[in-house]
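[1] Sequence and predicted structure below; questions after.
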Amino acid sequence: CALSSDNLTEITQHRGDSVLLPCSCSDLNTKHQKLTWNSYRTGHAEEVFNDKHYRGRLQLFNNISPANLSLLISDLRVEDQGNYRCSTEKESRDIKLYVK
């Protein structure tokens with residue numbers, strides 16, 4: 001899977017809203033990928049699905065569309081602000097999220 005989009009994306013969203021952190025393969029016929037989403041909100045990398053802070057607020061779409069690796073965070077909180085990284089086995093993309 002070759003990741004599409006820029007190496008760094010900046011997104012601003014409002015508290016209480018949902019935000020889609022974009023990450024996708026340029027090859028739409030891709031097979032399922034080993035995918036990791038990390039948050040750096042605490043100053044070090046933490047896998048978002050292992051972080052209790054996000055419990056019940058995350059959704060992936062790669063089971064429906066293997067090329068779509070985007071992460072949906074619902075009910076945004078100010079503490080969600082920070083850097084996120086979408087990583088496959090070969091590449092990664094960084095997203096900076098601002099919450100107003």
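    Alright, I've got the coordinates.
[2] which residue ranges form the strands in the chain?
    Secondary structure of the chain (DSSP state E): strands at 8-13, 19-21, 36-39, 46-47, 58-60, 71-73, 82-87, 92-99.
[3] Pull out the buried positions in the last one.
    Buried positions in strand 92-99, judged by neighbour count with 16 or more other CB atoms under 10 Å: 93-95, 97, 99. Glycine gets a C-beta too; all of them are placed from N, C-alpha and C.
[4] In CSV, list the strands of the chain along with mean pLDDT and distance to residue 2.
    Putting these into CSV (pLDDT from 0 to 100; distance: least, CB to CB, whole Å) gives the following:
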stretch, mean pLDDT, distance to residue 2
strand 8-13, 95, 16
strand 19-21, 97, 18
strand 36-39, 96, 17
strand 46-47, 95, 23
strand 58-60, 96, 19
strand 71-73, 98, 19
strand 82-87, 96, 13
strand 92-99, 96, 11
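[5] Export those strands as JSON lines, with columns for distance to residue 27.
    As requested, the strands of the chain are exported to JSON lines (distance: least, CB to CB, whole Å):
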{"stretch": "strand 8-13", "distance to residue 27": "20"}
{"stretch": "strand 19-21", "distance to residue 27": "20"}
{"stretch": "strand 36-39", "distance to residue 27": "19"}
{"stretch": "strand 46-47", "distance to residue 27": "25"}
{"stretch": "strand 58-60", "distance to residue 27": "18"}
{"stretch": "strand 71-73", "distance to residue 27": "20"}
{"stretch": "strand 82-87", "distance to residue 27": "16"}
{"stretch": "strand 92-99", "distance to residue 27": "15"}
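[6] Residue 11 bridge partners, please.
    residue 97 (DSSP bridges).
[7] Cool, thanks, signing off.
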